[in-house]
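K.L.:
give me a model of this one.
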Amino acid sequence: MSKKIILSHIVAVSSNNAIGLKGKLPWDIPEDLQYFFSKTKNKILIMGRKTFESLGKALAQRLNIVLTRRLDWTAKNVVVFSDFKKALNYAKQDELIKKYGTEIFIGGGADIYKQTLPLMDRLYITRIHKKYSGDAFYPEIPLDCFKEVSRIDREKPEPFSFLVYDRIKK
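P.N.:
Down below sits the predicted model:
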């Protein structure tokens with residue numbers, strides 16, 4: 001019998017929903033990076049090619065799955081798929097769930113967040129309480145589908161909050 005899989009977005013978002021500018025984060029909040037690394041450690045992390053390339057290498061102690069339309073693209077220590085459904089089916093294999101747990105993280109970018117939001121069970125949102133210029137944006141969270149279940153506010157280096165939303169069961 002297979003266990004219930006939890007699909008989760010993890011993302012830092014400005015007050016105007018910017019998540020990136022020219023392949024980089026528009027802000028410098030070390031605690032947010034630590035949060036990302038601690039939440040995804042020993043988990044499966046699915047991300048787009050551009051997000052992966054912005055990291056520079058596969059993240060240690062995770063199964064890194066990269067989505068790309070470039071069929072000839074490869075990188076060290078990653079598994080590559082051309083579409084999310086195939087990647088998710090791979091990630092749901094019993095032996096991978098035993099090794100990495102039942103929560104699978106989606107780590108960007110903007111198109112992947114938009115496409116997968118309707119499938120998500122949980123959202124880990126670092127909300128930066130300031131507008132930033134961006135060329136990549138997170139979709140609006142449908143608050144009729146998600147409820148805030150956790151909030152930790154921080155003031156430095158600038159005001160931000162760690163928010164967790166769970167899908168509302170209907």
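K.L.:
for the protein, which spans come out with low pLDDT?
P.N.:
1-2, 170 (pLDDT under 70).
K.L.:
name the residue closest to the centre of it, please.
P.N.:
G107 (2.4 Å; C-alpha atoms, centre = their mean).
K.L.:
my guess is that one contacts K50, does it?
P.N.:
No. Contact criterion C-beta atoms under 8 Å: G107 and K50 do not qualify, at 11.5 Å. No exception for glycine: its C-beta is placed from N, CA and C like everyone else's.
K.L.:
surely L71 is in a strand?
P.N.:
No. Using DSSP: H, G, I helix; E, B strand; the rest coil, the assignment for L71 is coil, not a strand.
K.L.:
look up the closest residue to it, ignoring the ones flanking it.
P.N.:
Excluding its sequence neighbours, the residue lying closest to L71 (C-beta to C-beta, 6 or more residues apart in numbering) is S82, at 6.5 Å.
K.L.:
spit out the contact partners of that neighbour.
P.N.:
L67, T68, R69, L71 (C-beta atoms under 8 Å, 6 or more residues apart in numbering).
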